[in-house]
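Novice: Below: sequence and its predicted model.
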Amino acid sequence: MKIALCIKQVPDTTDIKWTENNTLQREGVESVINPCDVYATELALKLKSQIQNSEITVFTMGPPQAEDMLRKVLALGCDNAVLISDRKFSGADTYATGITISGAIRRYLPDFDVIICGQFASDGDTAQTGPNIANFLDIPQVTFVKDLVEVQDHDSLTLTREMEDGIETVKIKLPALVCVLQQNFEPQRPLINGIMNASKKEVKVCTLDDIGYDAGKVGLKGSPTFVSKAFRNITNHNAQKFQLNTVDSVKLLKEKIETLGENENA
Amino acid sequence: MPDMDNSGILIYAQITREEYIHTVFFELADKAKELSQKLGGVDVNAVIFTRPNFVFNYKEAFENRGINKVYYFEDESFKNYNTEFYSKLIVNLARQVKPEIILVGATNEGRDLAPRISSALGTGLTADCTDLDINENGKLAATRPTFGGQLMATILCKTYPQMATVRPKVFKVNPEDMYVQTEFIKCPIGISLANDRYTLLDFKKTIENTINELDSAEIIVAGGKGLKNKEGFDMLKKFANKIGGTVAASRGAVEMGLAPSSIQVGQTGKTVSPKLYIACGISGAIQHTIGMTDSKHIIAINNDKNAQIFDIADTGIVGDAFEILPEFLNQ
């Protein structure tokens, strides 16, 4: 089974910087793997452990520093890595990102069986890139995935997905794209020989030339949406802060709950 | 000025498993009416997928909310949502009727569907908006929290249709009567529905009333990471029971496995606006507060006097919930 795993590096800081184009300034900010993508990786590894001769190719789009994250995922047991990186890709919205990643998958893993993504990224939080990739590759998708129920090599996946009102079990024909939710279990840690092997593996760099698209299709130019302004959220609640002992805190809490209850009945 | 080639607002009318129109549709419809006025009174239309002859059950609902046209697709299989069929059919429809704006509720279904439509139409999509407006150039100005909710960004789209998703309960339903006579237009399917790419095998309902409980709760008692463990949430539940409140949680608490994601309030959870919101052990990242800042009165209990939650609370109690709540329960 050929597995494409799409992951993203996200900023691990509250320090927000914007460029003059009103896009996020990513360089010089400490980065980590997106939390959902940790569990996308878990699902890829689970598939690999169940189907013999499976191979995981990890894709990420980002600056050259994203190679560190790719090495960490290789150390967990992924086989190949593609770093989609080119200045011309910068400033991409979810549409342009979807086009670019689907182009890279076509170029480096055209015979994939499944593409696995995280449900959403902790920075943009749009949950759009996965479905966009599925659209550009014209394959079915399953979003909000919790777990794998069954896999039939080159044929289908049966998965559970978490909806607002309960759990669906769905079966999807391969090739398909799967978006995985963040879970509560502790993810795997790399073993020493995994780390040793990872350092020997090659991380391919994929540029615009490698994908062969017109420059107008990617990055800021290829993005239909743009940020026209960014501002801080303003609240209309007037903070009154009380630092009291426990007994008085309880008294205050009680008073507040009671008076608010009375207003309701008035 | 509205674009000449693209006109009208199209809203996706999601049908729930119980075959009701999802409430988020009505919230979007009222917002769309507001946007329509700013665009010189363009049509506000809906697209819906139903079993054959079922759409007229919703006639009154559409007419009362002032929907001008309902484009409907009928098939026995439309009892269950299907990403590929729905997106392909809406894409075909949009190419014909050329709406200038398409709105979709940011339910799980909507979040699955909308990006398939936008990318197939070669247009942009702004997810989980908290505000929609028309700017001075007649363009949709879609505002959403970004970067973990720390900033708000207003996003414009260079292409048509301009698309946005909005979570349930972000917009209010306007009680005003907006009756119009709705025109129902049956749309040809024109694609094969012989489907073996995606099959729903089973559904297990896990949540009976929680969603509605939080939506209509007058008092919500929410717990965060500061409640540390299961015992902390048990204590919170007792407290909620005593004062007639409903329990909610922050993303942090859900990620720690202290509470189910169905009761999560915030950017990736629910938006609530009770009369009283009591936040216990919640630091107050905007990611959370964006979902509850419309509460009438907010009480925050946190032992970190610098916690951000105090900035948006009406009453801040600096103290340990593990001391205050048991004492409250003892009285």
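Specialist: Thanks, I have it. Numbers count the residues shown, from 1 in each chain, chains lettered A, B, ... in the order given.
Novice: Where do the helices of chain B begin and end?
Specialist: For chain B, the helices defined by DSSP state H occupy B:23-38, B:59-64, B:83-97, B:108-121, B:210-216, B:230-243, B:251-255, B:286-289, B:309-312, B:321-330.
Novice: So which of those is nearest B:E183?
Specialist: helix B:59-64 (9.8 Å; Cβ to Cβ). In this view, the C-beta of every residue, glycine as well, is placed from N, C-alpha and C.
Novice: So for the closest one, what gets flagged as buried?
Specialist: Neighbour-count burial for helix B:59-64 flags B:A61, B:F62 (criterion: 16 or more other Cβ atoms under 10 Å in any protein chain shown).
Novice: hang on, the earlier thing: in TSV, list the helices of chain B along with mean pLDDT.
Specialist: Formatted as TSV, the helices of chain B follow (pLDDT from 0 to 100):
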stretch	mean pLDDT
helix B:23-38	96
helix B:59-64	95
helix B:83-97	96
helix B:108-121	97
helix B:210-216	68
helix B:230-243	93
helix B:251-255	87
helix B:286-289	81
helix B:309-312	88
helix B:321-330	93
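Novice: out of everything not next to it in sequence, what's closest to B:I324?
Specialist: A:S249 (4.9 Å; Cβ to Cβ, 6 or more residues apart in numbering or on different chains).
Novice: How far does the biggest strand by length in chain A sit from its chain's centre?
Specialist: Using DSSP state E, we find that the single longest strand of chain A is strand A:141-152. With Cα atoms, centre = their mean, to the nearest Å as the basis, strand A:141-152 stands 16 Å off its chain's centre.
Novice: so which of the helices of chain B gets nearest A:T169?
Specialist: Checking the helices of chain B against A:T169 by Cβ to Cβ gives helix B:108-121 as the closest, at 15.0 Å.
Novice: what's the angle between the closest one and strand A:141-152?
Specialist: Following axes from the mean of the first three to the mean of the last three Cα atoms, to 10 degrees, one obtains 100 degrees for the angle between helix B:108-121 and strand A:141-152.
Novice: Can I get helix B:108-121 in CSV, CA atoms only?
Specialist: C-alpha atoms of helix B:108-121 as CSV (Å, rounded to 0.1, in the frame of the first residue of the first chain):
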residue,chain,number,x,y,z
ASN,B,108,-19.0,18.8,10.2
GLU,B,109,-21.0,18.2,7.1
GLY,B,110,-20.5,21.8,5.9
ARG,B,111,-16.8,21.8,6.6
ASP,B,112,-16.6,18.6,4.6
LEU,B,113,-18.6,20.0,1.7
ALA,B,114,-17.6,23.7,1.3
PRO,B,115,-13.9,23.3,0.4
ARG,B,116,-14.8,20.7,-2.2
ILE,B,117,-17.2,23.2,-3.8
SER,B,118,-14.8,26.2,-3.6
SER,B,119,-11.8,24.4,-5.0
ALA,B,120,-13.8,22.8,-7.8
LEU,B,121,-15.1,26.3,-8.7
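Novice: relative to helix B:23-38, how tilted is that helix?
Specialist: 50 degrees.
Novice: Summarise which helices and strands helix B:108-121 is packed against.
Specialist: If contacts are counted by 3 or more Cβ pairs under 8 Å, 6 or more residues apart in numbering or on different chains; DSSP states H and E, helix B:108-121 sits against helix A:94-108, helix A:129-136, strand A:141-152, strand B:9-12, helix B:83-97, strand B:101-105, strand B:125-129, strand B:162-166.
Novice: Could I get the ones you listed in a markdown table, plus columns for mean neighbour count?
Specialist: Listed next are the helices and strands packed on helix B:108-121 as a markdown table, based on neighbours: other Cβ atoms under 10 Å in any protein chain shown:
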| stretch | mean neighbour count |
| --- | --- |
| helix A:94-108 | 23 |
| helix A:129-136 | 27 |
| strand A:141-152 | 20 |
| strand B:9-12 | 26 |
| helix B:83-97 | 19 |
| strand B:101-105 | 29 |
| strand B:125-129 | 27 |
| strand B:162-166 | 28 |
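Novice: Can you check which of those gets nearest to B:G190?
Specialist: Here helix B:83-97 is closest among the helices and strands packed on helix B:108-121 (Cβ to Cβ), at 6.8 Å.
Novice: who's in contact with that closest one?
Specialist: A:131, A:135, A:140-141, B:8, B:10, B:12, B:45, B:47, B:49, B:71, B:73, B:77, B:102, B:112-113, B:116-117, B:120-121, B:161, B:187, B:189-191, B:193, B:195, B:197-198 (Cβ atoms under 8 Å, 6 or more residues apart in numbering or on different chains).
Novice: If you count contacts, what does the longest helix seen in chain A end up packed against?
Specialist: In chain A, taking DSSP H as the definition, the longest helix is helix A:246-265. Applying 3+ Cβ pairs under 8 Å, 6+ apart, one finds that helix A:246-265 contacts strand B:276-280, strand B:297-302, strand B:315-318, helix B:321-330.
Novice: Quick one, which of the ones you listed gets closest to B:E231.
Specialist: Between those, helix B:321-330 lies closest to B:E231; by Cβ to Cβ that is 8.9 Å.
Novice: Turn the helices and strands packed on helix A:246-265 into CSV, including mean neighbour count.
Specialist: What follows is those, written out as CSV (neighbours: other Cβ under 10 Å):
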stretch, mean neighbour count
strand B:276-280, 29
strand B:297-302, 24
strand B:315-318, 23
helix B:321-330, 18
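Novice: export those to a markdown table and tack on distance to B:G232?
Specialist: Below are the helices and strands packed on helix A:246-265 laid out as a markdown table (distance: least, Cβ to Cβ, whole Å):
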| stretch | distance to B:G232 |
| --- | --- |
| strand B:276-280 | 8 |
| strand B:297-302 | 12 |
| strand B:315-318 | 16 |
| helix B:321-330 | 7 |
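Novice: Return the set of buried residues in stretch A:207-224.
Specialist: Neighbour-count burial for stretch A:207-224 [16+ other Cβ under 10 Å]: A:L208, A:D210, A:I211, A:K217, A:V218, A:G219, A:L220, A:G222, A:S223, A:P224.
Novice: which of the residues you listed lies closest to chain B?
Specialist: For the buried residues of stretch A:207-224, the minimum distance to chain B (Cβ to the nearest Cβ) is 3.4 Å, reached by A:P224.
Novice: mind listing what that closest one touches?
Specialist: Per Cβ under 8 Å, 6+ apart, neighbours of A:P224: A:D93, A:Y95, B:G122, B:T123, B:G124, B:C157, B:K158, B:T159.
Novice: Mark which of the residues you listed are buried, thanks.
Specialist: A:D93, A:Y95, B:T123, B:G124, B:C157, B:T159.
Novice: Would you confirm that B:L258 contacts B:R251?
Specialist: No: using Cβ atoms under 8 Å, B:L258 is not in contact with B:R251, being 11.1 Å away.
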